[in-house]
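Undergrad: Quick one: sequence and predicted model below, then my questions.
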Amino acid sequence: MPTTIAAPKKKAARAAQEDFLPLEGTDHIEFYVGNAKQAAHFYQSALGFQPVAYSGPETGVRDRASYVVRQNKITFVLTTPIRAKHPIADHILKHGDGVKAIALKVKDATSAWKETTKRGGKSYMEPKTLTDKQGKIVLSGIHTYGEVAHVFVERDDYTGPFMPGFVKWDPSFRAPETGLQHVDHCVGNVGWNQMNPWVKFYEDVMGFRNILTFDDKDISTEYSALMSKVMSNGNGFVKFPINEPAEGKKKSQVEEYLEFYDGEGVQHIAMATNNIIETVTALQQRGLEFLRVPSTYYDTLLDRVGHIDEELNALKRIGILVDRDDEGYLLQIFTKPVEDRPTLFFEIIQRKGAKSFGKGNFKALFEAIEREQAARGNL
Ligand code: FE2
(Lines give C-alpha, C1' and ligand atoms only; values in the text may rest on other atoms or scores of the structure.)
Protein backbone atom coordinates (compact mmCIF):
# COMPACT_ATOMS: atom_id res chain seq x y z
CA MET A 1 0.00 0.00 0.00
CA PRO A 2 1.68 3.20 -1.09
CA THR A 3 -0.57 5.38 1.05
CA THR A 4 -0.24 4.81 4.76
CA ILE A 5 -2.30 6.28 7.54
CA ALA A 6 0.07 6.30 10.48
CA ALA A 7 -2.04 7.08 13.48
CA PRO A 8 -2.09 4.21 15.94
CA LYS A 9 -4.42 5.08 18.82
CA LYS A 10 -1.87 4.64 21.58
CA LYS A 11 0.61 6.90 19.85
CA ALA A 12 -2.06 9.59 19.33
CA ALA A 13 -3.12 9.47 22.97
CA ARG A 14 0.46 9.77 24.10
CA ALA A 15 1.09 12.66 21.74
CA ALA A 16 -1.98 14.52 23.04
CA GLN A 17 -0.83 13.96 26.61
CA GLU A 18 2.62 15.24 25.90
CA ASP A 19 1.70 18.13 23.59
CA PHE A 20 4.43 20.59 24.49
CA LEU A 21 3.17 22.98 21.81
CA PRO A 22 -0.60 23.27 22.16
CA LEU A 23 -1.87 25.22 19.12
CA GLU A 24 -5.27 26.84 18.87
CA GLY A 25 -5.14 27.20 15.09
CA THR A 26 -3.74 29.59 12.50
CA ASP A 27 -3.64 33.14 13.89
CA HIS A 28 -2.70 34.84 10.61
CA ILE A 29 -0.59 34.47 7.50
CA GLU A 30 1.75 37.30 6.55
CA PHE A 31 2.69 37.87 2.92
CA TYR A 32 5.57 40.01 1.73
CA VAL A 33 4.34 41.74 -1.41
CA GLY A 34 5.54 44.37 -3.87
CA ASN A 35 2.53 46.62 -3.37
CA ALA A 36 0.49 45.96 -0.24
CA LYS A 37 -2.12 48.59 -1.02
CA GLN A 38 -3.04 46.87 -4.28
CA ALA A 39 -2.68 43.33 -2.86
CA ALA A 40 -5.10 44.22 -0.05
CA HIS A 41 -7.57 45.42 -2.65
CA PHE A 42 -7.29 42.08 -4.51
CA TYR A 43 -7.98 40.06 -1.37
CA GLN A 44 -10.97 42.27 -0.63
CA SER A 45 -12.48 42.62 -4.09
CA ALA A 46 -11.71 39.17 -5.51
CA LEU A 47 -11.86 36.98 -2.38
CA GLY A 48 -14.19 38.93 -0.11
CA PHE A 49 -11.83 39.70 2.77
CA GLN A 50 -12.78 42.58 5.05
CA PRO A 51 -10.48 45.45 6.08
CA VAL A 52 -9.36 45.16 9.71
CA ALA A 53 -6.20 47.07 10.58
CA TYR A 54 -3.34 49.08 9.13
CA SER A 55 0.19 49.92 10.17
CA GLY A 56 2.56 52.22 8.29
CA PRO A 57 4.18 55.64 8.24
CA GLU A 58 0.98 57.31 9.49
CA THR A 59 1.00 55.09 12.58
CA GLY A 60 4.69 55.57 13.35
CA VAL A 61 6.08 52.60 11.40
CA ARG A 62 8.42 54.35 9.02
CA ASP A 63 9.87 51.55 6.90
CA ARG A 64 6.87 49.48 5.80
CA ALA A 65 3.12 49.34 5.38
CA SER A 66 0.92 46.41 6.47
CA TYR A 67 -2.75 45.86 5.72
CA VAL A 68 -4.71 43.29 7.74
CA VAL A 69 -7.72 41.71 6.06
CA ARG A 70 -9.99 39.04 7.48
CA GLN A 71 -12.79 36.70 6.52
CA ASN A 72 -14.29 34.69 9.39
CA LYS A 73 -11.28 32.92 10.97
CA ILE A 74 -8.82 33.66 8.15
CA THR A 75 -6.55 36.66 8.69
CA PHE A 76 -4.02 37.79 6.09
CA VAL A 77 -1.40 40.48 6.64
CA LEU A 78 -0.01 42.10 3.48
CA THR A 79 3.29 43.84 4.10
CA THR A 80 5.49 45.87 1.78
CA PRO A 81 8.69 47.86 2.37
CA ILE A 82 8.54 51.52 1.39
CA ARG A 83 12.26 51.94 0.73
CA ALA A 84 14.63 50.02 -1.53
CA LYS A 85 17.28 49.13 1.02
CA HIS A 86 15.24 46.87 3.26
CA PRO A 87 15.31 43.15 4.08
CA ILE A 88 11.69 42.83 2.90
CA ALA A 89 12.68 44.39 -0.43
CA ASP A 90 15.41 41.74 -0.75
CA HIS A 91 12.83 39.03 0.01
CA ILE A 92 10.53 40.30 -2.74
CA LEU A 93 13.37 40.71 -5.25
CA LYS A 94 14.30 37.06 -4.70
CA HIS A 95 10.93 35.37 -4.27
CA GLY A 96 8.33 37.72 -5.71
CA ASP A 97 5.18 37.99 -3.60
CA GLY A 98 4.91 35.12 -1.15
CA VAL A 99 4.25 33.89 2.35
CA LYS A 100 6.70 35.05 5.01
CA ALA A 101 5.04 33.84 8.18
CA ILE A 102 2.47 31.25 9.16
CA ALA A 103 1.50 32.55 12.59
CA LEU A 104 -0.02 30.12 15.07
CA LYS A 105 -2.23 31.02 18.01
CA VAL A 106 -0.99 29.81 21.38
CA LYS A 107 -1.86 30.34 25.05
CA ASP A 108 1.79 30.99 25.94
CA ALA A 109 4.19 32.32 23.30
CA THR A 110 7.15 32.28 25.69
CA SER A 111 6.69 28.58 26.45
CA ALA A 112 6.16 27.85 22.71
CA TRP A 113 9.50 29.49 21.92
CA LYS A 114 11.33 27.78 24.79
CA GLU A 115 9.95 24.32 23.99
CA THR A 116 10.65 24.53 20.25
CA THR A 117 14.12 26.12 20.44
CA LYS A 118 15.08 23.62 23.16
CA ARG A 119 14.27 20.88 20.64
CA GLY A 120 16.42 22.37 17.91
CA GLY A 121 14.18 25.04 16.38
CA LYS A 122 16.15 28.05 15.14
CA SER A 123 14.93 31.26 16.75
CA TYR A 124 13.29 33.77 14.41
CA MET A 125 12.03 36.06 17.16
CA GLU A 126 12.72 35.87 20.87
CA PRO A 127 9.60 36.34 23.00
CA LYS A 128 8.59 40.00 23.06
CA THR A 129 5.62 41.75 24.59
CA LEU A 130 3.78 44.49 22.70
CA THR A 131 1.39 46.69 24.62
CA ASP A 132 -1.00 49.54 23.96
CA LYS A 133 -4.22 50.81 25.53
CA GLN A 134 -6.05 47.70 24.35
CA GLY A 135 -3.85 45.25 26.17
CA LYS A 136 -0.87 43.10 25.36
CA ILE A 137 0.30 40.58 22.82
CA VAL A 138 3.27 38.28 23.21
CA LEU A 139 5.05 37.18 20.02
CA SER A 140 7.88 34.72 19.40
CA GLY A 141 8.91 32.62 16.45
CA ILE A 142 11.10 30.00 14.84
CA HIS A 143 12.37 29.47 11.30
CA THR A 144 11.03 26.67 9.12
CA TYR A 145 11.79 25.71 5.46
CA GLY A 146 13.12 28.36 3.09
CA GLU A 147 12.67 31.85 4.50
CA VAL A 148 9.32 31.01 6.08
CA ALA A 149 8.81 31.52 9.82
CA HIS A 150 6.31 30.23 12.34
CA VAL A 151 5.33 33.08 14.63
CA PHE A 152 3.61 32.18 17.92
CA VAL A 153 0.93 34.68 18.91
CA GLU A 154 -0.45 34.98 22.44
CA ARG A 155 -3.42 37.35 22.29
CA ASP A 156 -5.83 36.43 25.08
CA ASP A 157 -5.16 39.76 26.81
CA TYR A 158 -5.70 41.93 23.74
CA THR A 159 -8.92 43.60 22.58
CA GLY A 160 -7.67 45.75 19.68
CA PRO A 161 -8.29 45.06 15.98
CA PHE A 162 -4.99 43.20 15.42
CA MET A 163 -1.90 44.06 17.48
CA PRO A 164 -0.19 47.04 19.07
CA GLY A 165 1.25 49.21 16.30
CA PHE A 166 -1.85 48.73 14.15
CA VAL A 167 -4.86 51.01 13.97
CA LYS A 168 -8.35 50.09 12.91
CA TRP A 169 -8.67 50.29 9.13
CA ASP A 170 -12.17 51.31 8.16
CA PRO A 171 -12.40 52.35 4.51
CA SER A 172 -15.76 52.94 2.88
CA PHE A 173 -15.12 50.19 0.30
CA ARG A 174 -16.41 46.83 1.47
CA ALA A 175 -16.74 43.84 -0.83
CA PRO A 176 -19.22 41.11 0.11
CA GLU A 177 -17.69 38.02 1.71
CA THR A 178 -17.47 34.78 -0.28
CA GLY A 179 -17.98 32.25 2.52
CA LEU A 180 -14.34 31.40 3.23
CA GLN A 181 -14.21 30.17 6.85
CA HIS A 182 -10.82 29.00 8.10
CA VAL A 183 -7.40 27.77 6.99
CA ASP A 184 -7.62 24.01 6.41
CA HIS A 185 -3.94 23.40 5.61
CA CYS A 186 -0.79 25.13 4.31
CA VAL A 187 1.51 23.25 1.96
CA GLY A 188 5.27 23.72 1.77
CA ASN A 189 7.44 22.92 -1.25
CA VAL A 190 10.94 21.84 -0.26
CA GLY A 191 13.98 20.79 -2.31
CA TRP A 192 15.13 17.39 -3.56
CA ASN A 193 15.43 14.91 -0.65
CA GLN A 194 14.37 17.56 1.84
CA MET A 195 10.89 16.21 2.66
CA ASN A 196 12.05 13.76 5.34
CA PRO A 197 14.35 16.23 7.11
CA TRP A 198 11.43 18.69 7.35
CA VAL A 199 9.07 15.92 8.48
CA LYS A 200 11.58 15.23 11.25
CA PHE A 201 11.68 18.96 12.08
CA TYR A 202 7.91 19.06 12.55
CA GLU A 203 8.03 15.87 14.62
CA ASP A 204 10.99 16.77 16.82
CA VAL A 205 10.70 20.55 17.14
CA MET A 206 6.92 21.05 17.04
CA GLY A 207 5.57 17.65 18.18
CA PHE A 208 3.57 17.07 14.96
CA ARG A 209 2.75 13.61 13.57
CA ASN A 210 2.88 12.31 10.03
CA ILE A 211 -0.76 11.41 9.30
CA LEU A 212 -0.59 10.66 5.56
CA THR A 213 2.08 9.81 3.02
CA PHE A 214 1.93 10.02 -0.77
CA ASP A 215 4.81 8.57 -2.70
CA ASP A 216 5.73 9.18 -6.30
CA LYS A 217 3.51 6.29 -7.45
CA ASP A 218 0.47 8.03 -5.99
CA ILE A 219 1.42 11.41 -7.37
CA SER A 220 2.82 10.88 -10.76
CA THR A 221 1.42 11.59 -14.15
CA GLU A 222 3.39 11.09 -17.31
CA TYR A 223 5.60 14.03 -16.39
CA SER A 224 5.01 15.67 -13.07
CA ALA A 225 5.94 13.63 -10.02
CA LEU A 226 6.14 14.65 -6.40
CA MET A 227 6.16 13.10 -2.96
CA SER A 228 4.27 14.45 0.01
CA LYS A 229 3.86 13.83 3.73
CA VAL A 230 1.11 15.47 5.75
CA MET A 231 2.12 16.68 9.20
CA SER A 232 -0.51 17.47 11.83
CA ASN A 233 -0.36 18.91 15.32
CA GLY A 234 -1.93 17.03 18.25
CA ASN A 235 -5.48 18.39 18.01
CA GLY A 236 -5.49 18.41 14.18
CA PHE A 237 -6.14 22.18 13.95
CA VAL A 238 -2.87 22.76 12.10
CA LYS A 239 -1.86 20.64 9.11
CA PHE A 240 1.22 21.14 6.98
CA PRO A 241 1.73 18.84 3.98
CA ILE A 242 5.36 18.92 2.80
CA ASN A 243 6.09 18.27 -0.90
CA GLU A 244 9.36 17.46 -2.60
CA PRO A 245 9.91 16.91 -6.32
CA ALA A 246 10.31 13.37 -7.67
CA GLU A 247 11.91 12.19 -10.89
CA GLY A 248 9.51 12.16 -13.82
CA LYS A 249 9.83 12.36 -17.57
CA LYS A 250 9.89 16.13 -17.41
CA LYS A 251 10.03 18.86 -14.83
CA SER A 252 8.02 18.33 -11.63
CA GLN A 253 5.57 21.08 -10.68
CA VAL A 254 7.52 21.37 -7.39
CA GLU A 255 10.73 21.95 -9.33
CA GLU A 256 9.05 24.69 -11.34
CA TYR A 257 7.99 26.33 -8.08
CA LEU A 258 11.48 26.05 -6.56
CA GLU A 259 13.01 27.58 -9.68
CA PHE A 260 10.65 30.56 -9.87
CA TYR A 261 10.38 31.17 -6.11
CA ASP A 262 14.15 30.79 -6.02
CA GLY A 263 13.95 28.47 -3.06
CA GLU A 264 11.63 26.62 -0.74
CA GLY A 265 8.36 28.19 0.32
CA VAL A 266 4.60 27.95 0.72
CA GLN A 267 2.97 26.37 -2.32
CA HIS A 268 -0.70 26.68 -1.43
CA ILE A 269 -3.07 27.66 1.33
CA ALA A 270 -6.31 25.69 1.54
CA MET A 271 -9.30 27.66 2.80
CA ALA A 272 -12.47 25.90 3.92
CA THR A 273 -16.01 26.86 3.00
CA ASN A 274 -19.38 25.45 4.07
CA ASN A 275 -20.78 25.81 0.55
CA ILE A 276 -18.22 25.36 -2.16
CA ILE A 277 -20.65 25.92 -5.03
CA GLU A 278 -21.68 29.35 -3.75
CA THR A 279 -18.14 30.32 -2.73
CA VAL A 280 -16.47 29.36 -5.99
CA THR A 281 -19.28 30.83 -8.10
CA ALA A 282 -18.70 34.16 -6.32
CA LEU A 283 -14.91 33.93 -6.67
CA GLN A 284 -15.18 33.18 -10.39
CA GLN A 285 -17.57 36.08 -10.92
CA ARG A 286 -14.99 38.33 -9.27
CA GLY A 287 -12.24 37.20 -11.60
CA LEU A 288 -10.32 34.58 -9.64
CA GLU A 289 -8.97 32.01 -12.10
CA PHE A 290 -9.10 28.27 -11.39
CA LEU A 291 -7.49 25.17 -12.86
CA ARG A 292 -9.93 23.24 -15.01
CA VAL A 293 -10.06 19.49 -15.52
CA PRO A 294 -11.56 18.06 -18.72
CA SER A 295 -15.34 17.61 -18.58
CA THR A 296 -14.79 13.84 -18.99
CA TYR A 297 -13.69 13.88 -15.31
CA TYR A 298 -17.38 14.06 -14.45
CA ASP A 299 -18.45 11.10 -16.64
CA THR A 300 -17.29 8.53 -14.07
CA LEU A 301 -17.26 10.71 -10.95
CA LEU A 302 -20.31 9.21 -9.25
CA ASP A 303 -19.07 5.66 -9.95
CA ARG A 304 -15.92 6.57 -8.09
CA VAL A 305 -17.27 8.58 -5.14
CA GLY A 306 -20.83 7.27 -4.77
CA HIS A 307 -23.71 9.46 -3.61
CA ILE A 308 -23.01 13.13 -3.02
CA ASP A 309 -25.43 15.85 -1.89
CA GLU A 310 -24.40 18.32 -4.60
CA GLU A 311 -25.80 18.43 -8.08
CA LEU A 312 -23.32 16.97 -10.55
CA ASN A 313 -24.04 19.56 -13.24
CA ALA A 314 -23.25 22.44 -10.89
CA LEU A 315 -19.92 20.85 -9.95
CA LYS A 316 -19.14 20.27 -13.62
CA ARG A 317 -20.03 23.82 -14.62
CA ILE A 318 -17.78 25.31 -11.94
CA GLY A 319 -15.04 22.68 -12.17
CA ILE A 320 -15.14 21.35 -8.60
CA LEU A 321 -13.37 18.04 -7.87
CA VAL A 322 -14.66 15.38 -5.48
CA ASP A 323 -12.89 12.61 -3.59
CA ARG A 324 -13.96 10.09 -0.96
CA ASP A 325 -12.18 8.36 1.88
CA ASP A 326 -13.34 6.02 4.68
CA GLU A 327 -14.91 8.85 6.66
CA GLY A 328 -16.77 10.80 4.02
CA TYR A 329 -16.06 12.94 1.00
CA LEU A 330 -14.54 16.29 0.15
CA LEU A 331 -14.97 18.85 -2.59
CA GLN A 332 -12.02 20.93 -3.74
CA ILE A 333 -10.76 23.26 -6.45
CA PHE A 334 -7.45 25.04 -7.02
CA THR A 335 -6.77 28.54 -8.26
CA LYS A 336 -4.09 29.32 -10.78
CA PRO A 337 -1.04 31.00 -9.20
CA VAL A 338 -2.02 34.43 -7.86
CA GLU A 339 1.28 36.00 -8.95
CA ASP A 340 2.91 36.21 -12.38
CA ARG A 341 5.56 33.80 -11.14
CA PRO A 342 4.13 30.25 -11.05
CA THR A 343 4.37 30.08 -7.26
CA LEU A 344 1.67 30.50 -4.57
CA PHE A 345 -1.93 29.46 -5.25
CA PHE A 346 -5.04 28.75 -3.18
CA GLU A 347 -7.25 25.73 -2.68
CA ILE A 348 -10.91 26.03 -1.76
CA ILE A 349 -12.13 22.97 0.12
CA GLN A 350 -15.37 21.73 1.64
CA ARG A 351 -15.10 18.68 3.84
CA LYS A 352 -18.08 16.39 4.30
CA GLY A 353 -16.51 13.98 6.73
CA ALA A 354 -13.35 13.25 4.74
CA LYS A 355 -10.10 14.06 6.50
CA SER A 356 -7.85 13.33 3.52
CA PHE A 357 -6.48 15.57 0.78
CA GLY A 358 -8.03 14.46 -2.51
CA LYS A 359 -5.62 11.75 -3.63
CA GLY A 360 -8.18 10.50 -6.15
CA ASN A 361 -7.96 13.85 -7.92
CA PHE A 362 -4.19 14.03 -8.20
CA LYS A 363 -3.98 12.59 -11.70
CA ALA A 364 -6.64 14.85 -13.25
CA LEU A 365 -5.33 17.80 -11.32
CA PHE A 366 -1.68 17.34 -12.18
CA GLU A 367 -2.50 16.87 -15.82
CA ALA A 368 -4.25 20.25 -15.62
CA ILE A 369 -1.16 21.73 -13.92
CA GLU A 370 1.06 20.28 -16.64
CA ARG A 371 -1.03 21.92 -19.34
CA GLU A 372 -0.41 25.23 -17.56
CA GLN A 373 3.32 24.47 -17.13
CA ALA A 374 3.56 23.65 -20.84
CA ALA A 375 1.80 26.93 -21.72
CA ARG A 376 4.44 28.77 -19.65
CA GLY A 377 7.21 26.88 -21.44
CA ASN A 378 8.31 25.17 -18.23
CA LEU A 379 7.64 21.50 -18.85
FE1 FE2 B 1 -4.14 21.06 -0.49
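TA: Now that the structure is in, tell me what you want to look at. Residues are numbered from 1 along each chain as shown.

Undergrad: and the stretch 151-300 of the chain, which of its residues are near the ion?
TA: residue 270 (C-beta under 5 Å from the ion). In short, each C-beta sits where N, CA and C put it, glycine included.

Undergrad: Which residue would be the closest one in the stretch 151-300 of the chain to the ion?
TA: residue 270 (4.4 Å; C-beta to the ion).

Undergrad: and that residue, what does it touch?
TA: Residues counted as contacts of residue 270 (C-beta atoms under 8 Å, 6 or more residues apart in numbering) are 183, 184, 185, 186, 187, 332, 346, 347, 348, 349.

Undergrad: Please spell out the segments of the stretch 51-200 of the chain that come in under the pLDDT threshold.
TA: Along the stretch 51-200 of the chain, the model assigns pLDDT under 70 to no residue.

Undergrad: In contact with the closest residue to residue 239 other than its chain neighbours: list those residues for me.
TA: In this structure, residue 239 finds its nearest non-sequential neighbour in residue 185, 4.0 Å apart by C-beta to C-beta, 6 or more residues apart in numbering. Counting by C-beta under 8 Å, 6+ apart, residue 185 makes contact with 230, 239, 240, 241, 269, 270, 357.

Undergrad: Please apply the same query to residue 268.
TA: 186, 187, 334, 344, 345, 346, 347.

Undergrad: sec struct for the last one, please.
TA: With DSSP: H, G, I helix; E, B strand; the rest coil as the basis, the three-state label of residue 347 is strand.

Undergrad: do the second one as well
TA: Judged by three-state DSSP, the three-state class of residue 187 is strand.

Undergrad: what residues are up against it?
TA: 228, 240, 241, 242, 243, 266, 267, 268, 269, 270.

Undergrad: that's a helix at residue 200, yeah?
TA: Yes - under three-state DSSP, residue 200 falls within a helix.

Undergrad: Next, count neighbours for it.
TA: Other residues near residue 200 number 12, with proximity taken as other C-beta atoms under 10 Å.

Undergrad: so what's residue 131 up against?
TA: Per C-beta under 8 Å, 6+ apart, neighbours of residue 131: 137, 164.

Undergrad: at 6 Å what do you get?
TA: residue 164 (C-beta atoms under 6 Å, 6 or more residues apart in numbering).

Undergrad: Name the helix or strand for it, please.
TA: strand 123-132 (DSSP states H and E).

Undergrad: mind checking the backbone torsions on the most far-flung residue of the chain relative to its centre?
TA: Here the chain reaches farthest from its C-alpha mean at residue 133, the gap being 32.3 Å by C-alpha atoms, centre = their mean. Dihedral pair for residue 133: phi -60, psi -20, per degrees, to the nearest 10.
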